[in-house]
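Engineer: Sequence unavailable; structure follows:
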């Protein structure tokens, strides 16, 4: 196969899967990518980052990272149909190579903590605000992982007194994600975020909810750096309003660094997840 053509073929396999179960499109992509890279670089690792293509919750089965098998729960776009797949095990058996596996936000947090905005620190929180809201946390140099990965988008926040929007989360309705993710903004205001750039009230309300969430994350995790990424955070005016609301909510309960240095955009830009993926691959190889 001509190596120059494989990126477009991979993208086609993702955009037009032959089955209604998106995880198989990811598998097809991984197998194709691995076959190309392994032929050119025998030591290259087959690397999987799930959340890039579909929202995945994962539960761990096993006692150590080296022996761990992941059970993934694939959620269809309507959030009603669920199927279980022992995905990593299948890929390992099919390709006979080490596999690094984690969520997209965990990979981005790892990338930012190693080479990005939190470089040199053993603690950071990477939050993406886009189609959904998720986060990865690095604590004492390691990704935070418990029964599952953190689901920070589904915490409850206090509704703004003037906000009558019901919320869009199919599970909790008006949780953080239900009020502040991209689809919620679109439904609330009747237009996509890109078409609401000049509407100050939209982004002030967005910052109101983000600042509330950050208050909770700061009090619980005490990260040394907070990185806000995702499509919604391309609206840079949100940052200044977050800097305004966060001190009000905290009310001097804890001392923070200068907020413009503490709460920042990704240092790696859109490449945070890719860089983190390579780091996961390196860990899988060792």
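Structural biologist: Arrived safely. Remember, it's a predicted structure, so these values are computed and weren't measured experimentally.
Engineer: Is the closest residue to residue 229 other than its chain neighbours part of a helix or strand, or is it coil?
Structural biologist: Leaving aside its sequence neighbours, residue 229 sits nearest to residue 266 (Cβ to Cβ, 6 or more residues apart in numbering; 4.5 Å). (C-beta placed from N, C-alpha, C; glycine too.) Put simply, residue 266 is coil when judged by DSSP: H, G, I helix; E, B strand; the rest coil.
Engineer: wait, isn't residue 266 in contact with residue 117?
Structural biologist: Yes: at 6.1 Å, residue 266 and residue 117 qualify as touching, with contact defined as Cβ atoms under 8 Å.
Engineer: Common neighbours of the two, please.
Structural biologist: Common neighbours of residue 266 and residue 117 (criterion: Cβ atoms under 8 Å, 6 or more residues apart in numbering): residue 227.
Engineer: picking up where we left off before, residues near the residue nearest to residue 229, how many?
Structural biologist: 22 (other Cβ atoms under 10 Å).
Engineer: Adjust the sequence numbering to begin at 746 for everything that follows.
Structural biologist: Taking 746 as the first residue, the last one we looked at is residue 1011.
Engineer: Could you check the helix or strand containing residue 961 and say which residues are buried?
Structural biologist: Element membership of residue 961, judged by DSSP states H and E, is helix 945-966. Counting neighbours by 16 or more other Cβ atoms under 10 Å, one finds that the buried residues in helix 945-966 are 947-960, 962-963, 966.
Engineer: what's the answer for stretch 969-976, then?
Structural biologist: Quick answer for stretch 969-976 (16+ other Cβ under 10 Å): 969-975.
Engineer: how long is it end to end?
Structural biologist: In terms of Cα to Cα, to the nearest Å, the two terminal residues of stretch 969-976 are separated by 23 Å.
Engineer: List the contacts of that stretch.
Structural biologist: Stretch 969-976 has contacts (Cβ under 8 Å, 6+ apart) with 853-854, 857, 861-863, 866-876, 878, 927, 938, 955, 959, 962-963, 984, 987, 1007-1012, 1017.
Engineer: Restricted to buried residues, select those residues in PyMOL.
Structural biologist: Filtering the contacts of stretch 969-976 down to the buried ones (16+ other Cβ under 10 Å) takes a single PyMOL command:
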select buried, resi 853+854+857+861+862+863+868+869+870+871+872+873+874+875+878+927+938+955+959+962+963+984+987+1007+1008+1009+1011+1012+1017
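Engineer: before we move on, the earlier item: now render the buried residues of stretch 969-976 as CSV, adding pLDDT and secondary structure.
Structural biologist: Listed next are the buried residues of stretch 969-976 as CSV, based on pLDDT from 0 to 100; DSSP: H, G, I helix; E, B strand; the rest coil:
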residue, pLDDT, secondary structure
969, 97, coil
970, 98, coil
971, 98, strand
972, 98, strand
973, 98, strand
974, 96, strand
975, 95, coil
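Engineer: Select, from the residues you listed, the two members most distant in space.
Structural biologist: 969 and 975 (20.7 Å; Cβ to Cβ).
Engineer: nearest to residue 996, of the buried residues of stretch 969-976?
Structural biologist: Using Cβ to Cβ, residue 971 comes nearest to residue 996 of the buried residues of stretch 969-976, at 18.6 Å.
Engineer: Fine, thanks again, bye for now.
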